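# Make a model of this:
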Amino acid sequence: MTPRTVTFLAVATAVAVGAATVSLNIERGYAPQATNELVFPGLIDKVNEVTKIAVDHKDGKIVVVRNADGTWTVPASDNFPANVAQAQKVILQLAGMRLFEAKTAQKDLYNRLHLEELNIKGTQARRVRLFGAKDTPLAELIVGKKKYNLPGPITEGAYVRKPSDPQTWLAKGEITVDPEVKAWLRKSILNIREEDVAAIEIRHPGGEIVKITKENPTARHFTLHGVPEGKRVKYQSDPDNVANVVEDLELVDVRKEGHIEFAADKTIEGTYTSRSGLIAHLSLIKMGEDSWVKVRVEAKPDALAPTKKGEETAQQVAKRLSDQLTGWVFKIPDFKASRLSRGMADMAVDKKAGS
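This is a model prediction of the structure:
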């Protein structure tokens, strides 16, 4: 995220944020107090100074930092690159939020707005903090329930309070404080479209080899090879789902290689060959409830040149992905891991009379 990019978006946010709405007060008999002041006056001029974002929630803390070279990383995930768009969005959202209506100042009513203290068991409140150089505090806000369907061009808001002030507010503007680490990481691992997959070979620790192909790209389904005599494919979608593993494959978490041991007797090896000449090698291992993969990408020497002007060659794609993936292991969603783990016994059943 370059300073020019942040400055441009900051100006756009400042122009877009505004308007007012009407909301009910929690405290009965409380006289509404309305305003249109920024929650953090002056923050819009300091968005380029933010070097750290911290999000506290009931299950822990997420920290994202901007390094001296301008890159954003997540320290808890071994400094893997952060989702820059997510970091940028939260900074600009906080800078653009405006106080709309004063709500309760009674602590015993905070929980109704999800604005209770973070140390209360089961709290649904989230605290977001922005820091500048040398951890200089720039903004701190407790974020609670969201409010939708507000009139005007900005239809979303949220209940908020500053930790140093007992007063709570309905603030106007979108604010997304995601408590899951995957939202703050650069999520994409691979994206080989299912229709571009030509062949798959899955090698299981026990020696079983599963082969799946689609020779004709216009065919409706992939073909599972080696189905035993007297068996049939249970669902035609099963081989298709195995092919789909490398399409929009995203991480849940990430660690440096070496954090997870890929023992040969427990690791499933999958090789995906695309029509464009890209080959992806996936090593999958189950650790407790979590599934982890490491990925190696290469290009076939005889890979065809792109048919569209400006498209990357298979060699260029392999180089780019290798630079991003080498040295890392990725926790992936269970449904993707389950599909990659499919053996013949999972996809073939006994033939039935008349089938």
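# domains of the protein?
Annotated domains of the chain cover 3-184, 188-350 [automatic domain parsing].
# got a markdown table for the ones you listed, with mean neighbour count too?
Placement of C-beta: from N, CA and C, glycine included. As requested, the domains of the chain are exported to a markdown table (neighbours: other CB atoms under 10 Å):
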| stretch | mean neighbour count |
| --- | --- |
| domain 3-184 | 17 |
| domain 188-350 | 16 |
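# Look at the residue nearest to Asn111 when sequence neighbours are not counted and give its secondary structure.
Of all residues not flanking Asn111 in the chain, Ile120 sits nearest, at 7.6 Å (CB to CB, 6 or more residues apart in numbering). Classification of Ile120 by DSSP: H, G, I helix; E, B strand; the rest coil places it in coil.
# quick one: Ile120 from Lys145, how far?
15 Å (CB to CB, to the nearest Å).
# hmm, back to that, adding mean pLDDT, write the domains of the chain out as TSV.
TSV is the format used below for these (pLDDT from 0 to 100):
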stretch	mean pLDDT
domain 3-184	85
domain 188-350	95
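# Contact partners for Ser188?
The neighbours of Ser188, taking CB atoms under 8 Å, 6 or more residues apart in numbering as the test, are 248-250.
# Quick check: bridge partners of it?
Glu250 (DSSP bridges).
# Against Leu284, how distant is it?
Distance from Ser188 to Leu284, counting by CB to CB: 18 Å.
# do the same with Glu269
Separation of Glu269 from Leu284 (CB to CB) stands at 8 Å.
# Over to Arg66?
Between Arg66 and Leu284 the computed distance is 33 Å (CB to CB).
# Next: Val246.
12 Å.
# in a strand, that's where Val63 is, yeah?
Yes: counting by three-state DSSP, Val63 is located in a strand.
# who's it bridged to?
Ala54.
# residues in contact with it?
Counting by CB under 8 Å, 6+ apart, Val63 touches 52-55, 74-76.
# Now do the helices in the stretch 201-350 of the chain.
Applying DSSP state H, counting those that start in this stretch to the stretch 201-350 of the chain gives helices spanning 237-243, 314-325, 334-340, 344-347.
# where exactly do the strands run in the stretch 251-355 of the chain?
253-256, 268-274, 278-287, 290-299, 328-332, 348-350 (DSSP state E, counting those that start in this stretch).
# can you redo the ones you listed as JSON lines with distance to Phe40?
Putting the strands of the stretch 251-355 of the chain into JSON lines (distance: least, CB to CB, whole Å) gives the following:
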{"stretch": "strand 253-256", "distance to Phe40": "31"}
{"stretch": "strand 268-274", "distance to Phe40": "48"}
{"stretch": "strand 278-287", "distance to Phe40": "42"}
{"stretch": "strand 290-299", "distance to Phe40": "38"}
{"stretch": "strand 328-332", "distance to Phe40": "35"}
{"stretch": "strand 348-350", "distance to Phe40": "61"}
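# wait, which of those is closest to Lys162?
Among the strands of the stretch 251-355 of the chain, strand 253-256 comes nearest to Lys162, with 31.5 Å by CB to CB.
# gap between that closest one and the chain center?
13 Å (CA atoms, centre = their mean, to the nearest Å).
# Contacts for it next, please.
With CB under 8 Å, 6+ apart, strand 253-256 has contacts from 77-78, 80, 181-182, 185, 327-331.
# now swap in stretch 195-215 and tell me
Stretch 195-215 has contacts (CB under 8 Å, 6+ apart) with 217, 221-226, 239, 242-243, 246, 264-276, 340, 342-344.
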